[in-house]
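Peer 1: heads up, no residue letters with this:
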DNA sequence: CGGATCGTGACACGACCATGACATGGCGCG
DNA sequence: CGCGCCATGTCATGGTCGTGTCACGATCCG
């Protein structure tokens, strides 16, 4: 069953690390904490409840328990031991995955695709930029500019390239418009706009997103 | 305690109807049978056992009893009166909820998986949306819009994407139609539509379901 | 030192969106 | 079959904020 679940979840894009006992699981947990733990109660060595309590004592990693069908005592004991949810065996990968997503959402750990650059994080899916955890209010064009530049960090983008990629409707105005936009962008994401860290000027050529 | 449980269970997506006496409960039961009854033994008027027997005589609604700690007599008498399970006071909402789910599963009435977002719960299987436990009357298009947005929380959906996914029959009208639909949706699920919590505007890009 | 390049701030126009009203059409109910 | 309600698409309005432009000052380079 373990191998079956590992295969099914892997095929759905999850990184799965399956272990064979509670001891291995706890060790693995210290080395590389996962986003969610799926814990069977039937274990060799220390039992599932004890594993659950130890995981809960060590941190707040969400836990989904696998229990035998109809064993109400296990369910209640499991939840009291600190589990976040339970799934009865035999388990369908689809159901387990739904519960995993629900639990992850509940504890607010939905794994977003976040890019981090020093104090700056960029969420391309949600179009949210945060600086030291605080969201930065970027205007649409400023945001497109940042996305374009940060899409290829370290590469210099000419003003003409930026005019075409950021201003989608073919634009043939003053290329100084790019300067103005960069300026406004810097004012919002840089600590000291006189010494920019993220959007750097390459005199005579254009702009570059750093640090590499 | 009644109000505390009502609040806690409502926040977990259950529709709760609390009453103050056995008579009220029995009356309510006839008018709108619930999926499960949580019944305290300490009641004004007719006592809990009698209420339990009458409920059992009227139908097969599952009953969970609240008993004083360690009172074995109550437990036995309660189960003989027809209760399906019991929980000792003081009761933790989490424990009660686990028992409720266990009992509902036993009688084959497990409710569908609910997604919770603050005061909002979404039942994708039953297509029911509730706000603070009260069902929200959404129009078909509004519901599809909410399901589409909340399917990938935190992700920005462009108006074009929404037109294609929510209005299945390829639609090429004014994309402002999306605005109107969002507006109507907000009026029903947001506390303050001027400061939306669930459906957020991302100026220049589209809409996003939050909270992140 | 002079010219080119870039940063900075001000400002006015316009894009973008919320909001409400209104016409239409579908569906249920009598 | 007719009526009425509700959902839906369209439009107009108003307000907010983003954006393009300009002028001036700072800075860098030859």
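Peer 2: That came in fine, so what should we check first? What you see is a predicted model; the values in this text were computed from it and never measured. Numbers count the residues shown, from 1 in each chain, chains lettered A, B, ... in the order given.
Peer 1: any idea which helix or strand comes after the worst-scoring helix or strand of chain A on mean pLDDT?
Peer 2: Of all helical and strand segments in chain A, the minimum by mean pLDDT, DSSP states H and E falls on helix A:72-80, at a mean of 69. Downstream of helix A:72-80, the next assigned helix or strand under DSSP states H and E is strand A:85-88.
Peer 1: just checking, what packs against that following strand?
Peer 2: Applying 3 or more CB pairs under 8 Å, 6 or more residues apart in numbering or on different chains; DSSP states H and E, one finds that strand A:85-88 contacts strand A:63-67, helix A:72-80, helix A:93-106. All C-beta spots, glycine's among them, are computed from the backbone N, C-alpha and C.
Peer 1: looking at the ones you listed, which is closest to chain B?
Peer 2: Chain B lies closest to helix A:72-80 among these, at 4.3 Å (CB to the nearest CB).
Peer 1: Distance to residue A:113 and mean neighbour count added to the helices and strands packed on strand A:85-88, as a markdown table?
Peer 2: Shown next, in a markdown table, are these (distance: least, CB to CB, whole Å; neighbours: other CB atoms under 10 Å in any protein chain shown):
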| stretch | distance to residue A:113 | mean neighbour count |
| --- | --- | --- |
| strand A:63-67 | 23 | 23 |
| helix A:72-80 | 32 | 19 |
| helix A:93-106 | 14 | 16 |
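Peer 1: okay if I get those as CSV plus distance to chain B?
Peer 2: CSV is the format used below for the helices and strands packed on strand A:85-88 (distance: least, CB to the nearest CB, whole Å):
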stretch, distance to chain B
strand A:63-67, 10
helix A:72-80, 4
helix A:93-106, 6
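Peer 1: Can you say which of those is nearest to residue B:156?
Peer 2: Smallest distance to residue B:156 across those (CB to CB): 17.5 Å, for helix A:93-106.
Peer 1: got a list of contacts for that closest one?
Peer 2: Residues outside helix A:93-106 that contact it (CB atoms under 8 Å, 6 or more residues apart in numbering or on different chains) are A:4-5, A:8-9, A:12, A:14, A:35-36, A:38, A:62, A:64, A:84-85, A:87, A:110-111, B:113, B:115-116, B:153.
Peer 1: Now do the helix or strand that comes right after it: which elements does it pack against?
Peer 2: Per DSSP H and E, helix A:93-106 leads on to strand A:114-117 as the next helix or strand towards the C-terminus. Packing partners of strand A:114-117 (3+ CB pairs under 8 Å, 6+ apart): strand A:120-123.
Peer 1: how about the strand it packs on, does it get close to chain B?
Peer 2: Yes: judged by CB under 8 Å from any CB of the partner chain, strand A:120-123 comes into contact with chain B through residue A:123.
Peer 1: Is any residue of the next helix or strand after that strand near chain B?
Peer 2: Downstream of strand A:120-123, the next assigned helix or strand under DSSP H and E is strand A:128-131. Yes: contact of strand A:128-131 with chain B (CB under 8 Å from any CB) involves residue A:128.
Peer 1: Is strand A:128-131 positioned near DNA strand D?
Peer 2: No: using CB under 7 Å from any atom of the strand, strand A:128-131 stays clear of DNA strand D, with a minimum separation of 13.1 Å.
Peer 1: average pLDDT for the helix or strand hosting residue A:54?
Peer 2: Assessed by DSSP H and E, residue A:54 sits inside helix A:48-58. Mean per-residue pLDDT for helix A:48-58: 86.
Peer 1: Give me the contact list for it.
Peer 2: Around helix A:48-58, the neighbours that count as contacts under CB under 8 Å, 6+ apart are A:22, A:25-26, A:29-30, A:37, A:39-43, A:61, A:63, A:65, A:77-78, A:81-83.
Peer 1: Would you mind naming what in chain A lies close to DNA strand D?
Peer 2: By the rule CB under 7 Å from any atom of the strand, the part of chain A lying against DNA strand D is A:137, A:139-142, A:167, A:171, A:173-174, A:176-177, A:180-181, A:184, A:203.
Peer 1: any idea which of those residues is closest to residue B:73?
Peer 2: Checking the residues of chain A next to DNA strand D against residue B:73 by CB to CB gives residue A:137 as the nearest, at 64.2 Å.
Peer 1: Tell me if that closest one really is in a helix.
Peer 2: No: the assignment for residue A:137, made by DSSP: H, G, I helix; E, B strand; the rest coil, is coil rather than a helix.
Peer 1: Just the buried ones from the contacts of helix A:48-58?
Peer 2: The neighbour-count test (16 or more other CB atoms under 10 Å in any protein chain shown) marks A:22, A:25-26, A:29, A:37, A:39-41, A:43, A:61, A:63, A:65, A:77-78, A:81-83 as buried among those.
Peer 1: Check whether residue A:122 really touches residue A:148, as I assumed.
Peer 2: No: assessed by CB atoms under 8 Å, residue A:122 is found out of contact with residue A:148, at 11.6 Å.
Peer 1: Of the two, give the one with the bigger neighbour count.
Peer 2: When neighbours are counted by other CB atoms under 10 Å in any protein chain shown, residue A:122 and residue A:148 differ, and residue A:122 comes out ahead with 21 against 16.
Peer 1: Just give the number of residues close to residue A:53.
Peer 2: As a burial measure, residue A:53 scores 14 neighbours (other CB under 10 Å).
Peer 1: For residue A:142, which residues are in contact?
Peer 2: For residue A:142, the contact set (CB under 8 Å, 6+ apart) comprises A:181, A:184-185, A:188.
Peer 1: Let's see that with 7 Å instead.
Peer 2: Counting by CB atoms under 7 Å, 6 or more residues apart in numbering or on different chains, residue A:142 makes contact with A:181, A:184-185.
Peer 1: Just give me how far whichever strand or helix holds it sits from the chain centre.
Peer 2: Here residue A:142, judged by DSSP H and E, is contained in helix A:140-151. Centroid displacement of helix A:140-151 relative to its chain, using CA atoms, centre = their mean, to the nearest Å, is 20 Å.
Peer 1: State the distance from residue A:14 to DNA strand D.
Peer 2: Separation of residue A:14 from DNA strand D (CB to the nearest atom of the strand, to the nearest Å): 36 Å.
Peer 1: Quickly note the distance from that residue to residue B:167.
Peer 2: Note on residue A:14: its distance to residue B:167, by CB to CB, to the nearest Å, is 32 Å.
Peer 1: One more: residue A:66?
Peer 2: Using CB to CB, one obtains 41 Å as the distance from residue A:66 to residue B:167.
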